[in-house]
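**Q** turn this into a structure:
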Amino acid sequence: MDLQLFQCWRVALLLLLMPCGHQCVSVHILNKEPLHVIPGSSLVLKARIEQGPLEKVSMVTWEREDETGIAPTRATLASCPGESSECSGTRPNVRVNVEQQETTLQINGYSRADGGVYAVTVTDHTGAKTTAHCIVREYEAVNHVSVSINMSHSSLVCGEAWGTDPHFSWLHERVAISRTVGKVSEDGSLLLVTMTPICGHFTCMVSNKLGYSSATYTAGPCETEGRGTTAAVVCFVLLLLFGGALAFLLWRRHRLNNRGDSLHERLEETI
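**A** Next up is the predicted model:
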């Protein structure tokens, strides 16, 4: 029993003395990938550092390279000693903050040239390194909205070229879609038309943080009850006017005839 206990202690001591390698310190970027940034705003990347109780971070390095290309070149944005709370980058608009379990990269005045693959590398006291990556892209406005119809399925499809995080909404005759007109799909890009026949103007609006754009599909004119009622009222009024005019003419003719008869009778009496 004492021999087994001695062997357990021996194994534990060997594990403590063994170099940790890449598994002792790990780093994870907390931002959702890919991250889209509006030009002119600030790019902020946060990464969490996990380390063992006997491990120390000696260096934190942030780098960037192009997302596409045959042989993209990686450029160093900042290299900070592990014990430094804040350090400057290689450019005036770059700042890096290093805490015990977190590091933050901030680039002010983001431009299209700042897009690419960002890498944060953590080096421990033994020289072992671990790296995490995040893709950063420019936030694009919505572009080239179009509406097409699928007659076989009685549906309208709204398309958009390359805008970031597009949100779709539909209008029929400038009014939000009702159940009598149709049903919008979960992502908003498809409108299943239930009204028969398909008529009027269908407008798809696509928007995001930078604005909106729209496109309209025009079907045949709708024959609504309101228009039918209006036409009936107009016809009835016209009939009344025509009837009134005809009655007036008949009355006037009758009156003129009566006056003629009266004059004729007076002339006979005088003679």
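
**Q** what comes up buried for stretch 97-112?
**A** 97-98, 103-105, 107, 110 (16 or more other Cβ atoms under 10 Å). Yep, even glycine has a C-beta here, placed from its N, CA and C like the rest.

**Q** let's verify the residue nearest to Glu140 when sequence neighbours are not counted: helix, strand, or coil?
**A** With sequence-adjacent residues excluded and distances taken as Cβ to Cβ, 6 or more residues apart in numbering, Glu140 is closest to Thr164, at 4.7 Å. Three-state assignment for Thr164 (DSSP: H, G, I helix; E, B strand; the rest coil): coil.

**Q** quick one: pLDDT of Thr164?
**A** As predicted, Thr164 sits at a pLDDT of 96.

**Q** again with Lys183
**A** Looking at Lys183, its pLDDT reads 96.

**Q** and it, what is it in contact with?
**A** 177, 191-192, 194 (Cβ atoms under 8 Å, 6 or more residues apart in numbering).

**Q** again with Ala75
**A** Ala75 touches 63-65, 90, counting by Cβ under 8 Å, 6+ apart.

**Q** distance of Thr194 relative to His153?
**A** 12 Å (Cβ to Cβ, to the nearest Å).

**Q** still on that earlier bit, tabulate the contacts of Ala75 (JSON lines), appending pLDDT, distance to Glu160 and neighbour count.
**A** JSON lines is the format used below for the contacts of Ala75 (pLDDT from 0 to 100; distance: Cβ to Cβ, whole Å; neighbours: other Cβ atoms under 10 Å):
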{"residue": "Glu63", "pLDDT": "97", "distance to Glu160": "34", "neighbour count": "19"}
{"residue": "Arg64", "pLDDT": "97", "distance to Glu160": "29", "neighbour count": "22"}
{"residue": "Glu65", "pLDDT": "96", "distance to Glu160": "29", "neighbour count": "15"}
{"residue": "Thr90", "pLDDT": "90", "distance to Glu160": "38", "neighbour count": "11"}
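
**Q** can you report how many residues neighbour the closest residue to Gly220 other than its chain neighbours?
**A** Excluding its sequence neighbours, the residue lying closest to Gly220 (Cβ to Cβ, 6+ apart) is Cys199, at 5.0 Å. Other residues near Cys199 number 17, with proximity taken as other Cβ atoms under 10 Å.

**Q** now do Cys199 against Ser88, distance only.
**A** Counting by Cβ to Cβ, the gap from Cys199 to Ser88 is 64 Å.
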